[in-house]
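Participant: starting from these lines, generate the structure:
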Amino acid sequence: MTLVLIAASLAVFFGVQVPSSTPTEDLYDRATIPCEVVTGEPLDTVELSSGRCLADSEAPQLFPNKSIPMSLLWSLFLHGGLVHLLANMWSLWIFGNNVEDAFGRVPYVGFYLLSGLVASGAHVVLNPNSVVPIVGASGAIAGVMGAYLVLFPRARVTTWVVYLPIAVPAWIFLAVWLASQFLISAETTNVAWEAHIAGFVFGLLAATLLRPWLIRRLRSHHFPLQFVRQIRR
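Facilitator: As a prediction, this is how the structure comes out:
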């Protein structure tokens, strides 16, 4: 299912986003926008031009037929560019397979989507007046990373340091990644760091609560012994 999720994100980007003749308009039509979630209504022309969320605005709506609930799912498969897409898919490929082994195919997809929804929800709560679309699988993948930290803290993750590939324990890699999100929060940026942190914390808590069941699943499916030993420590 990790491969299916990667394929779905690639298909949406190259099959829907890239061929679009109106990419900005399509983004506002499909993506999650905090103001819309809070007011329950699609963005209107005044809100877009002013950059402010107006609950009592009577201006024409940009996309009156937009499904706001569906936009929460759409956003998990939309990306802001090729680099954004590839970085997310690389992270999902590294951390997704083993977490999928622990959860099982169907529960894993549910966990992935729920992580993404929680991440988006956190961003909406902290930015209720924003009229900027939020896109990307980062929040869902952050949930997978949080679960990976609980289940495979000592597994080796290869990362690049000054053009050199170095294998480090997963807990070090993920701790540095989490710290970087707080550093991003201090900068003026378009990165939804709140969603990343929320997704990560949700994944960590969910995997902690489900840890006994997840460990039994790994053992029953003859997961490689070295990983099972790491889990038992």
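Participant: please make it C-alpha for all contacts and neighbour counts, starting now.
Facilitator: Will do.
Participant: state the distance from the closest residue to residue 64 other than its chain neighbours to residue 31.
Facilitator: Nearest residue to residue 64, sequence neighbours excluded (CA to CA, 6 or more residues apart in numbering): residue 42, at 6.1 Å. Distance, residue 42 to residue 31, using CA to CA, to the nearest Å: 11 Å.
Participant: out of the two, which sits in the busier spot?
Facilitator: residue 31 (26 against 22; other CA atoms under 10 Å).
Participant: show me what contacts that one?
Facilitator: 71-72, 74-75, 78, 133-135 (CA atoms under 8 Å, 6 or more residues apart in numbering).
Participant: distance of it from residue 207?
Facilitator: 28 Å.
Participant: where do the strands sit along this protein?
Facilitator: For the chain, the strands defined by DSSP state E occupy 156-161, 164-169.
Participant: just give me the residue right at the centre of this protein.
Facilitator: Per CA atoms, centre = their mean, the C-alpha nearest to the average position across the chain is that of residue 139, at 2.2 Å.
Participant: Serialize the contacts of residue 31 to a markdown table and add fields for distance to residue 107 and neighbour count.
Facilitator: Shown next, in a markdown table, are the contacts of residue 31 (distance: CA to CA, whole Å; neighbours: other CA atoms under 10 Å):
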| residue | distance to residue 107 | neighbour count |
| --- | --- | --- |
| 71 | 22 | 22 |
| 72 | 19 | 22 |
| 74 | 20 | 18 |
| 75 | 20 | 22 |
| 78 | 22 | 25 |
| 133 | 28 | 18 |
| 134 | 25 | 26 |
| 135 | 23 | 26 |
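Participant: lowest average confidence across the strands of the chain, which one?
Facilitator: Mean pLDDT per stretch puts strand 156-161 lowest among the strands of the chain, at a mean of 65.
Participant: low-confidence ranges in the protein?
Facilitator: 158-167, 184-191, 221-233 (pLDDT under 70).
Participant: if we use 80, what do you get?
Facilitator: Applying pLDDT under 80 to the chain flags residues 20-21, 47-51, 54-62, 155-171, 173, 177-178, 180-193, 219-233.
Participant: quick one on the thing from earlier: separation between the residue nearest to residue 64 and residue 150?
Facilitator: To residue 150, residue 42 is 39 Å away according to CA to CA.
Participant: kindly report the same for residue 99.
Facilitator: 10 Å.
Participant: for the protein, which segments count as helices?
Facilitator: For the chain, helices defined by DSSP state H occupy the ranges 2-12, 23-30, 34-39, 45-50, 68-74, 82-103, 105-126, 138-151, 170-185, 193-209, 211-220, 225-232.
Participant: any idea how far the second one is from the chain center?
Facilitator: From the chain centre to the centre of helix 23-30 is a distance of 19 Å (CA atoms, centre = their mean, to the nearest Å).
Participant: packing partners of it?
Facilitator: Packing partners of helix 23-30 (3 or more CA pairs under 8 Å, 6 or more residues apart in numbering; DSSP states H and E): helix 68-74.
Participant: how about 6 Å then?
Facilitator: If you count contacts as 3 or more CA pairs under 6 Å, 6 or more residues apart in numbering; DSSP states H and E, helix 23-30 packs onto no helix or strand.
Participant: list the buried residues in stretch 126-136.
Facilitator: 127-136 (16 or more other CA atoms under 10 Å).
Participant: which pair in those has the greatest spatial separation?
Facilitator: Among the buried residues of stretch 126-136, the pair separated by the greatest distance (CA to CA) is 129 and 136, at 19.7 Å.
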